[in-house]
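1. Take this sequence and fold it.
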Amino acid sequence: MIEVIIPIYNNKETLPRTLYSLMSQLDQNFKVLIVDDCSQDDIFSIFNNFKDKLNIRYIRNEKNLGIGMTRQVGIDNSTEEYITFLDSDDVFFPHTISMFNNILKKRPGVNLVFTHFYEEESIGEFKDFSLHGNNDNYFWCHGKLYRVDFLKQYNIKN
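-> Coordinates of the predicted model:
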């Protein structure tokens, strides 16, 4: 199973939209882990609003660690074979988990899945889909699926 790790620091305005995008997944075979990086915002109350709607857990860092270490806390606390990341101000399209699970069915035991993903940007009445990952020097953590044992075996840290 896949665990979607959502690192968050404050950003309570966008987290509900992110979680609603997970509720709208066509394939609900996944778990969610919110890792709160010692936010001043009340992130726990948002978690409480979704705990009956998603298979979701919440953990809170004792002190602010920054985004990289907060992602690592998520990896270290994952209970599933595979993880992916979703930032608290981003969304997954409804087919994202289906795509990942279909790949895992075809290639069980794969260590890493890297996919380009598209993001919709609305500018006035026009919508634009942009491919992330085009730039050789810039990659997003989204669109990747990691086998946790692979990360631990080779001591790969975020």
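2. any low-confidence regions in the protein?
-> Along the chain, segments meeting pLDDT under 70 span 115-142.
3. quick one: the strands in it?
-> With DSSP state E applied, the chain shows strands at 2-8, 30-36, 56-60, 82-85, 112-114, 118-123, 126-131, 144-147, listed in chain order.
4. would you turn the ones you listed into a markdown table with distance to residue 73 and mean neighbour count?
-> Every C-beta, even on glycine, is put in place using the N, C-alpha and C of the backbone. Compiled in a markdown table, the strands of the chain are given as follows (distance: least, C-beta to C-beta, whole Å; neighbours: other C-beta atoms under 10 Å):
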| stretch | distance to residue 73 | mean neighbour count |
| --- | --- | --- |
| strand 2-8 | 8 | 25 |
| strand 30-36 | 5 | 23 |
| strand 56-60 | 7 | 16 |
| strand 82-85 | 12 | 22 |
| strand 112-114 | 20 | 13 |
| strand 118-123 | 26 | 10 |
| strand 126-131 | 30 | 9 |
| strand 144-147 | 15 | 20 |
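5. Can you lay out those strands as CSV showing distance to residue 20?
-> As requested, the strands of the chain are exported to CSV (distance: least, C-beta to C-beta, whole Å):
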stretch, distance to residue 20
strand 2-8, 13
strand 30-36, 12
strand 56-60, 13
strand 82-85, 17
strand 112-114, 24
strand 118-123, 15
strand 126-131, 19
strand 144-147, 22
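6. dump the residue contacts of residue 18.
-> Counting by C-beta atoms under 8 Å, 6 or more residues apart in numbering, residue 18 touches 6, 86-91.
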